[in-house]
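Asker: All I have is the shape, not the residue letters:
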């Protein structure tokens, strides 16, 4: 089949399947954070002792009377990675090939596939390095990056390609930049807290960051309070400026997600870090990341998507 015929086929499929695929990508990216957390929290990180096989010479877990549930949990997470790879391939095929959109948009559509492939390699390194917390931390932070990029792509899918125009004043924009920076700080500190605590590794291989986990939890909490304070300033400025519509809705939603996430964090700390709450906190971190990306997206606009326009060749800002 000629390349032009393939592209024409993708052009016909895109209007029907493009939107569901980019939405599925966001859901799957958040889902892999949750299942990856379950692997770590249940001590299943070495449930499969080899990579890419689960056991030497066996792609799937070996069933026997003495086996635990850990190999199934670890293999289940690896299987979801395969599903995620298929979804990101579909995103690249349906979205990155849209010749009517700017090159920057098409590169954004390829980012999930490239980072998921990198994640698969890093996951193998983690197993071979016996759950070294440094590699585990990088693994999780890349997942959060994927959540943010995938959320942005989902929102860009139906947005136009005009030059970006800010919907907030310069001072508010500066506060929002601080908010985004604090988001990164909160996520990094959260990873360090987990890597220093009892859920840092496997039941038998429990490598941890050589820091006081309770002290790091306090530092992490302080960063969250700083994030909430800056968010309060941003929301106040938006309210004073009469913000409405999607901009105001995403701001309020971000406040709600932040408060819920903070509440879960304190409850899990004072109840001895139960696995269910810790995993819920990881889900909250992914939703917070998506919320920040969505809010940041809503502070600017590139107009409305117009079907049938000529292809755009210039590289434009996202």
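Answerer: Great, that's in hand. In this text, all values refer to a predicted model and were calculated from it rather than measured experimentally.

Asker: Show the subsequent helix or strand relative to the strand or helix carrying residue 295.
Answerer: Element membership of residue 295, judged by DSSP states H and E, is helix 275-298. For helix 275-298, the succeeding helix or strand toward the C-terminus, using DSSP H and E, is strand 300-301.

Asker: Direction included, what does that next one pair against?
Answerer: strand 165-166 (antiparallel) (DSSP bridges).

Asker: Report all helices and strands that the helix holding residue 295 contacts.
Answerer: Packed against helix 275-298 by the contact rule (3 or more C-beta pairs under 8 Å, 6 or more residues apart in numbering; DSSP states H and E) you find helix 3-41, helix 133-156, helix 170-196, helix 245-270. Bear in mind the C-beta positions are built from the backbone N, C-alpha and C, glycine included.

Asker: For the third one, which helices and strands make contact with it?
Answerer: Just to be clear, that refers to helix 170-196. For helix 170-196, the packing partners by 3+ C-beta pairs under 8 Å, 6+ apart come out as helix 133-156, helix 213-240, helix 275-298.

Asker: Throw those helices into a markdown table and include distance to residue 265, thanks.
Answerer: Compiled in a markdown table, those are given as follows (distance: least, C-beta to C-beta, whole Å):
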| stretch | distance to residue 265 |
| --- | --- |
| helix 133-156 | 16 |
| helix 213-240 | 7 |
| helix 275-298 | 6 |
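
Asker: how about these in CSV, adding mean neighbour count and distance to residue 268?
Answerer: As requested, these are arranged in CSV below (neighbours: other C-beta atoms under 10 Å; distance: least, C-beta to C-beta, whole Å):
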stretch, mean neighbour count, distance to residue 268
helix 133-156, 21, 17
helix 213-240, 17, 10
helix 275-298, 21, 4
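
Asker: Same list, those, but as CSV with mean pLDDT please.
Answerer: Listed next are those as CSV, based on pLDDT from 0 to 100:
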stretch, mean pLDDT
helix 133-156, 92
helix 213-240, 94
helix 275-298, 95
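
Asker: Relative to residue 166, which of the ones you listed is closest?
Answerer: helix 275-298 (11.1 Å; C-beta to C-beta).

Asker: The closest one versus helix 133-156: what angle between them?
Answerer: Relative orientation of helix 275-298 with respect to helix 133-156: 40 degrees, computed using axes from the mean of the first three to the mean of the last three C-alpha atoms, to 10 degrees.

Asker: Helix 275-298 versus helix 245-270: what angle between them?
Answerer: Computed by the same axes, to 10 degrees, the angle between helix 275-298 and helix 245-270 is 160 degrees.

Asker: thinking again about what came up before, out of the helices and strands packed on helix 275-298, flag the one nearest residue 164.
Answerer: Set against residue 164 and scored by C-beta to C-beta, the helices and strands packed on helix 275-298 come closest in helix 133-156, at 11.0 Å.

Asker: From residue 230, how far out is the closest residue to residue 186 other than its chain neighbours?
Answerer: In space, and not counting its chain neighbours, residue 186 is closest to residue 223: 4.9 Å by C-beta to C-beta, 6 or more residues apart in numbering. The spacing between residue 223 and residue 230, counted by C-beta to C-beta, to the nearest Å, is 11 Å.

Asker: do residue 265 as well
Answerer: With distances defined as C-beta to C-beta, the gap from residue 265 to residue 230 amounts to 18 Å.

Asker: what's the answer for residue 268, then?
Answerer: Distance, residue 268 to residue 230, by C-beta to C-beta: 24 Å.

Asker: and what of residue 294?
Answerer: Applying C-beta to C-beta, the value for residue 294 to residue 230 is 17 Å.

Asker: likewise residue 128?
Answerer: 40 Å.

Asker: likewise residue 140?
Answerer: When C-beta to C-beta is applied, the distance between residue 140 and residue 230 equals 23 Å.

Asker: shaky segments in the stretch 1-150 of the chain?
Answerer: Segments of the stretch 1-150 of the chain classed as low confidence (criterion: pLDDT under 70) are 1-3, 43-51, 53, 57-59, 64-68.

Asker: repeat that with 90
Answerer: Within the stretch 1-150 of the chain, the stretches falling below the threshold (pLDDT under 90) are 1-13, 15, 35-82, 99, 120-139.

Asker: Can you pull up the most central residue in the protein?
Answerer: For the chain, residue 147 is the residue whose C-alpha lies nearest the centre (C-alpha atoms, centre = their mean; 2.3 Å).

Asker: Thought residue 29 was touching it, still the case?
Answerer: Yes. Taking C-beta atoms under 8 Å as the contact criterion, residue 147 and residue 29 are neighbours in contact, 4.9 Å apart.

Asker: What's the local residue count around residue 56?
Answerer: Other residues lying near residue 56 total 8 when counted by other C-beta atoms under 10 Å.

Asker: Going forward, the N-terminal residue is numbered 860.
Answerer: Yep, numbering from 860; the last one is residue 915 now.

Asker: Domain map for the protein?
Answerer: Structural domains assigned to the chain are 860-1020, 1024-1160, following automatic domain parsing.
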